[in-house]
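>>> Take this sequence and fold it.
(2 chains)
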Amino acid sequence: MGTITFIEHDQTEHVVKFKAGCSVMQIAVDNAIPGIDGDCGGECACGTCHVIVSDDWFRKTGTPGDDEEQMLSMTPERTGTSRFSCQIVVTDEMDGMTVRLPEFQM
Amino acid sequence: MTTLMQKNYQHEVILVGEEPHPPYQRPPLSKNYLAGEIDQESLYLKPLSVYENAGHHLRLGVRAEQIDRDKKTIRLSDQSALKYDRLVLATGSHVRTLNAPGADLKGIYYLHDIADSDALREQLLAGKRLVIVGGGYIGLEVAASATKKGVNVTVLEAAGRLMQRVTGPEMSEFFYAKHSNAGVDLRLNTAVTGFEAGDQGRVAGVTLADGGTVPADIVLVSVGVVPETSLAEAAGLPCDDGIIVDEFTRTEDPAILAIGDCTRHRNLFFEKMQRLESVSNAVDQARTAAATLMGEEKPYNSAPWFWSNQYDVRLQMVGLSQSHDQRVVRGSPGEDKGFAVFYLRESHLIAVDAINLPIAFMVGKTLVQQRRKINPEILRDPDIDLKSLVIGPQTSS
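As a prediction, the model looks like this:
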């Protein structure tokens, strides 16, 4: 168990609980967080669940795989700590993590 | 419902669903759910508590039987009735069945919902002979899932190539080779005439138009779907292979909207009315409907996209390629680096099919949506970075 904070583009904050083992995308969808679509259901197939991980937490989430990197490279608003949230599986170590949402998804 | 939750819709929302399950993802039913790699709960779009917390009610295991448009009431299969101010029809589709001799034998399966996938999975045991009628997305995804489990698979396709309805010949050939190398027996131009009975009313073979028979322990019929319009038709709403809706998802009745696979709809991205079997279309129309319900008029205007997983292959597609007049292949189907086919009409990019090349899909998502005019040589040349087409100066529309 832990909590994660989603910050919408307009700075609205959502602090929600999570159980280790599910993806950040699923946590967002389960909590109806606006700004994460996750249209393909978590297959890294659509590019609609972009999040920007805060610098201090990026190392814990790991780096994007090759497919994810290709898709991220075409994502507007991409930053050095961007990920597709369906590809981040949360662990207890990520308790307290903050991710920001872009203005638009693809 | 998600968009209504996010927009804090202030009215009561009730979802009536014939199946006992809350809303769930269907794409895995032919892929990792069928293969037993993920459990049922992970198919659900949301946990039940999310609907409860939002004040949305689920009436599951109950079928909507009839719409009374004058009284704004729907009658349900448990003999209760629900009043509505606004009604959204999201009835989806049902599988097209094969009316051939022996079609009711045991061991013949269709794949559309969780129950179908569960029933089929139990049969997929190593060494069994599975014959799949239909070489489209579903048939081929099942072929890949079943092959992984050691099932001997034969695919019978009436057309001259695989996935003919949705993709170009280069992709058809690529998937033919992929399945063939995995040991699948693929037979094109092969029409099915019926099914042979074995012991105890079980299917034992599939009979072909050329007089031959393919022995089978299990048969999957995957020959497409038909939009589920019976409720709308009985209520007198205009239908034409789909419930007719405009770009705001409105039917002829201002109180009734319709979304997803059950609709023949206006999408401003296309000149013609469309009926699509697509997750992206269902999701985008749902968002459009939510906006319409909220009194915002946001017309549906986006290029649909699709994906499929078979073996180690990820196919991602954007746009509809059928009306193309030129195809451009980037990369080589034999290479590990992935490849893509770009479809152009009058020099404008209308669709992209990408194999293990997500960058081409993502670039396509932008360029297809913008209906960009593109020099085919740029698409073909592997030394030109695809990203430059979106960011760089080479093209103009």
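
>>> Quote the end-to-end distance of stretch A:87-101.
Here the two ends of stretch A:87-101 are set 15 Å apart, with distance taken as CA to CA, to the nearest Å.

>>> tell me the mean pLDDT over stretch B:123-133?
The predicted model assigns stretch B:123-133 a mean pLDDT of 98.

>>> Tally up the residues packed near the residue of chain B found nearest chain A, please.
In chain B, the residue that lies nearest chain A is B:Met362 (3.5 Å; CB to the nearest CB). (Glycine included, C-beta is placed from N, CA and C.) By the criterion of other CB atoms under 10 Å in any protein chain shown, B:Met362 has 26 neighbours.

>>> Same check on the one 5 residues further on?
By the criterion of other CB under 10 Å, B:Leu367 has 26 neighbours.

>>> again, but for B:Ala216
26.

>>> Next, it: phi, psi?
phi -150, psi 140 (degrees, to the nearest 10).

>>> Ignoring the adjacent residues along the chain, who's closest to it?
The shortest distance from B:Ala216 to any non-neighbouring residue, by CB to CB, 6 or more residues apart in numbering or on different chains, is to B:Val131 (4.0 Å).

>>> Mind checking what secondary structure that neighbour has?
Three-state call for B:Val131 (DSSP: H, G, I helix; E, B strand; the rest coil): strand.

>>> need the contact list for the closest residue in space to A:Arg78 that isn't next to it in sequence.
Closest residue to A:Arg78 apart from its sequence neighbours, by CB to CB, 6+ apart: A:Leu72 at 5.6 Å. Counting by CB atoms under 8 Å, 6 or more residues apart in numbering or on different chains, A:Leu72 makes contact with A:50, A:64, A:78, A:82-84.

>>> run the last query once more with 10 Å
A:47, A:50, A:64, A:78-79, A:82-84, A:87, B:358-359, B:362 (CB atoms under 10 Å, 6 or more residues apart in numbering or on different chains).

>>> same thing with B:Gly134?
Contacts of B:Gly134 by CB under 10 Å, 6+ apart are B:96, B:98, B:140, B:142, B:155-159, B:162, B:192, B:220-224.

>>> Go through the residues you listed and flag which are in strands.
Those of the contacts of B:Gly134 mapping onto strands are B:155-156, B:192, B:220-221, per DSSP state E.

>>> which residue ranges form the strands in chain A?
Counting by DSSP E, the strands of chain A are A:2-7, A:13-18, A:50-53, A:82-84, A:97-100.

>>> Can I get the ones you listed in CSV including mean neighbour count and distance to B:Ile38?
Putting the strands of chain A into CSV (neighbours: other CB atoms under 10 Å in any protein chain shown; distance: least, CB to CB, whole Å) gives the following:
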stretch, mean neighbour count, distance to B:Ile38
strand A:2-7, 18, 22
strand A:13-18, 15, 19
strand A:50-53, 24, 23
strand A:82-84, 24, 18
strand A:97-100, 22, 24
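
>>> Just send these back as CSV, with mean pLDDT and distance to chain B too.
What follows is these, written out as CSV (pLDDT from 0 to 100; distance: least, CB to the nearest CB, whole Å):
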stretch, mean pLDDT, distance to chain B
strand A:2-7, 96, 12
strand A:13-18, 95, 11
strand A:50-53, 96, 11
strand A:82-84, 96, 10
strand A:97-100, 96, 17
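
>>> With distance to B:Gly135 as extra columns, can I get those strands in JSON lines?
Below are the strands of chain A laid out as JSON lines (distance: least, CB to CB, whole Å):
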{"stretch": "strand A:2-7", "distance to B:Gly135": "43"}
{"stretch": "strand A:13-18", "distance to B:Gly135": "42"}
{"stretch": "strand A:50-53", "distance to B:Gly135": "35"}
{"stretch": "strand A:82-84", "distance to B:Gly135": "31"}
{"stretch": "strand A:97-100", "distance to B:Gly135": "42"}
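
>>> Show me the one of these that comes nearest B:Tyr33.
strand A:82-84 (21.3 Å; CB to CB).

>>> Just the CA atoms of the helix ranked longest in chain B, as PDB, please.
For chain B, the helix with the greatest residue count under DSSP state H is helix B:279-293. The C-alpha trace of helix B:279-293 is given here as PDB (Å, rounded to 0.1, in the frame of the first residue of the first chain):
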ATOM      1  CA  VAL B 279     -11.600   0.300 -29.400                       C
ATOM      2  CA  SER B 280     -10.500   3.800 -30.300                       C
ATOM      3  CA  ASN B 281     -13.800   4.600 -32.000                       C
ATOM      4  CA  ALA B 282     -15.800   3.300 -29.000                       C
ATOM      5  CA  VAL B 283     -13.700   5.400 -26.600                       C
ATOM      6  CA  ASP B 284     -13.800   8.500 -28.700                       C
ATOM      7  CA  GLN B 285     -17.500   8.300 -29.400                       C
ATOM      8  CA  ALA B 286     -18.100   7.800 -25.700                       C
ATOM      9  CA  ARG B 287     -16.200  11.000 -24.900                       C
ATOM     10  CA  THR B 288     -18.200  12.800 -27.600                       C
ATOM     11  CA  ALA B 289     -21.400  11.500 -26.100                       C
ATOM     12  CA  ALA B 290     -20.300  12.600 -22.600                       C
ATOM     13  CA  ALA B 291     -19.700  16.100 -24.000                       C
ATOM     14  CA  THR B 292     -23.100  16.100 -25.700                       C
ATOM     15  CA  LEU B 293     -24.700  15.100 -22.400                       C
END
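
>>> and that helix, does that touch chain A?
Yes - counting by CB under 10 Å from any CB of the partner chain, chain A has neighbours in helix B:279-293: B:279-280, B:282-284, B:287.

>>> Rounded mean pLDDT for the next helix or strand after that helix, please.
Per DSSP states H and E, the first helix or strand lying C-terminal to helix B:279-293 is strand B:305-310. Taken as a whole, strand B:305-310 has an average pLDDT of 95.

>>> need the residues of the stretch 51-200 of chain B near chain A, please.
So the stretch 51-200 of chain B meets chain A at B:51, B:53-54 (CB under 10 Å from any CB).

>>> Centre-most residue in chain A?
By CA atoms, centre = their mean, chain A has its centre lying nearest to A:Ser85, at 3.0 Å.

>>> wait, isn't that one in contact with A:Gln26?
Yes - A:Ser85 lies in contact with A:Gln26 (CB atoms under 10 Å); the separation is 8.5 Å.

>>> Give me the common contacts of those two.
A:36, A:38, A:42, A:49.

>>> Buried residues in stretch A:61-69, which are they?
The neighbour-count criterion (16 or more other CB atoms under 10 Å in any protein chain shown) identifies A:61, A:64, A:67-68 as the buried residues of stretch A:61-69.

>>> Would you point out the most distant pair within these?
Checking the buried residues of stretch A:61-69 with CB to CB, the most distant pair is A:Thr61 and A:Asp67, at 16.2 Å.

>>> Surely A:Asp95 is in contact with A:Ile4?
Yes - the pair A:Asp95 / A:Ile4 is scored as a contact, 8.0 Å apart, by CB under 10 Å.

>>> Need the residues touching each of those two.
A:17-18.

>>> Tell me, how many residues neighbour the residue of chain A found nearest chain B?
Residue nearest to chain B within chain A (CB to the nearest CB): A:Met74, separated by 3.5 Å. The number of residues packed near A:Met74 is 22, by other CB under 10 Å.

>>> Kindly report the same for B:Ala126.
By other CB under 10 Å, 9 other residues sit near B:Ala126.

>>> how about the nearest residue to it, chain neighbours excluded?
B:Gly150 (3.1 Å).

>>> residues contacting the one you found?
B:124-128, B:183.
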